[in-house]
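>>> coordinates only, sequence not included:
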């Protein structure tokens, strides 16, 4: 704990007109939603209800924005102050920066600054597809072999780092002790991944799926009663000509899983509208209960396909590390909305 003795002047103005403050307005643009509108204007999501109350006559029946309409933003409440005076601050306590060292993220990303505790009561299980003896979908890029498991893993690590920096408890189920987060385009294929906590991944597909399912379910029972979510990431393999957008599966009987998938889908829809306004995002949300992990894991979950590894356009999405970082950020945004909506 660092302490300082500081004397300085602060000008505190009489504030008797808070209720008369000028209301700021914004015009809804393509891709805007209430959540994104509040975030883009640095307004906490706790003001959601107030926004709806202010603009009820301009929203659709399900509280969606209407393109081109002007919306009033909530006024952020501030404490009233009453006079002008000199303040002496004696022995101010400055909270030191909290950091965690996580070697799994690699030497360039191992230091994680805990920025806040927004997700301190949330537990996440992250599974990147395949791993160990099974690299998943494979193809070549400039005569180099690339595989599904390496790129899904990199996005998963980036997502884990983001969640941990917001105070969440995160279990990375598939782990590679020596890869870490990598900024290269070509991620070298290896076969040394293990399953949480440090189990060799079997060759049998059924045993592999049972192994990671058991790991998640055992942890889920340990944290019973907490907000818990499972995120599974894959990279699809289709014909070279098939360009696909990121899409999402959930269990057909899980309302929480469906809501989770929809929140992440909304995040992607908003980001595509903002960063690629001339392109229509065609990613979908649907149920698919036949997949082993969807059918047998206990937490509410979303199964994400990041793209087609064989398609040249989709390769740009996963080969560029900045795009992998963006994928992790957009997934995180959806997870944050889901957590805040749940609470």
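Noted; the coordinates are in hand. This one's a predicted model, so the numbers in the text were calculated from it and none came from an experiment.
>>> SS state for residue 279?
coil (DSSP: H, G, I helix; E, B strand; the rest coil).
>>> show me where the stretch 151-300 of the chain has strands.
Secondary structure of the stretch 151-300 of the chain (DSSP state E, counting those that start in this stretch): strands at 169-172, 174-175, 194-195, 199-200, 227-236, 247-250, 285-287, 300-308.
>>> ok, the second one: who's next to it in the sheet?
Meaning strand 174-175. strand 194-195 (antiparallel) (DSSP bridges).
>>> nearest residue to residue 314 in space, ignoring adjacent ones along the chain?
Nearest non-adjacent residue to residue 314, counting by C-beta to C-beta, 6 or more residues apart in numbering: residue 307, 3.5 Å away. Bear in mind the C-beta positions are built from the backbone N, C-alpha and C, glycine included.
>>> residues contacting the one you found?
Residues in contact with residue 307 (C-beta atoms under 8 Å, 6 or more residues apart in numbering) are 235, 236, 244, 245, 246, 314, 315, 317, 318.
>>> so the closest residue in space to the last one that isn't next to it in sequence versus residue 259, what's the distance?
Counting by C-beta to C-beta, 6+ apart, the nearest residue to residue 318 once its immediate chain neighbours are dropped is residue 151, at 4.5 Å. Relative to residue 259, residue 151 is positioned 27 Å away (C-beta to C-beta, to the nearest Å).
>>> looking at the two, which is more packed in?
Neighbour totals were compared for residue 151 and residue 259, and residue 151 leads with 28 against 18 (other C-beta atoms under 10 Å).
>>> looking at it, the more buried one is touching residue 237, isn't it?
No. If you go by C-beta atoms under 8 Å, residue 151 and residue 237 don't touch, sitting 12.0 Å apart.
>>> shared neighbours of these two, which are they?
In contact with both residue 151 and residue 237: residue 309, using C-beta under 8 Å, 6+ apart.
>>> mind listing what's buried along the helix or strand harbouring residue 325?
If you go by DSSP states H and E, residue 325 is part of helix 321-342. For helix 321-342, the buried set under the neighbour-count rule, 16 or more other C-beta atoms under 10 Å, comprises 321, 324-328, 330-340.
>>> mind checking the pLDDT average for that helix?
On average, the pLDDT along helix 321-342 is 96.
>>> let me see the contact set for the closest residue to residue 339 other than its chain neighbours.
Ranked by C-beta to C-beta, 6+ apart and with sequence neighbours excluded, the top spatial neighbour of residue 339 is residue 122, at 5.4 Å. Contacts for residue 122 (C-beta under 8 Å, 6+ apart) come out as 163, 168, 169, 226, 227, 228, 229, 339.
>>> which of those residues has the most neighbours?
Going by other C-beta under 10 Å, residue 163 tops those with 26 neighbours.
>>> show me what contacts that residue?
Contacts of residue 163 by C-beta under 8 Å, 6+ apart are 119, 122, 124, 170, 332, 335.
>>> looking at those, which is nearest residue 109?
Set against residue 109, the nearest of the contacts of residue 163 by C-beta to C-beta is residue 170 (14.1 Å).
>>> how close does the closest one sit to residue 211?
Shown here: residue 170 relative to residue 211, a distance of 19 Å by C-beta to C-beta.
>>> with residue 161 instead?
With distances taken as C-beta to C-beta, residue 161 is found 24 Å from residue 211.
>>> circling back to that earlier point, quick one: the strands of the stretch 151-300 of the chain as a markdown table, columns for mean pLDDT and distance to residue 49 too.
Output for the strands of the stretch 151-300 of the chain, formatted as a markdown table (pLDDT from 0 to 100; distance: least, C-beta to C-beta, whole Å):
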| stretch | mean pLDDT | distance to residue 49 |
| --- | --- | --- |
| strand 169-172 | 98 | 29 |
| strand 174-175 | 98 | 40 |
| strand 194-195 | 98 | 43 |
| strand 199-200 | 98 | 46 |
| strand 227-236 | 98 | 21 |
| strand 247-250 | 98 | 27 |
| strand 285-287 | 98 | 25 |
| strand 300-308 | 98 | 24 |
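>>> among those, which is nearest residue 50?
strand 227-236 (24.3 Å).
>>> what angle separates that closest one from strand 300-308?
20 degrees (axes from the mean of the first three to the mean of the last three C-alpha atoms, to 10 degrees).
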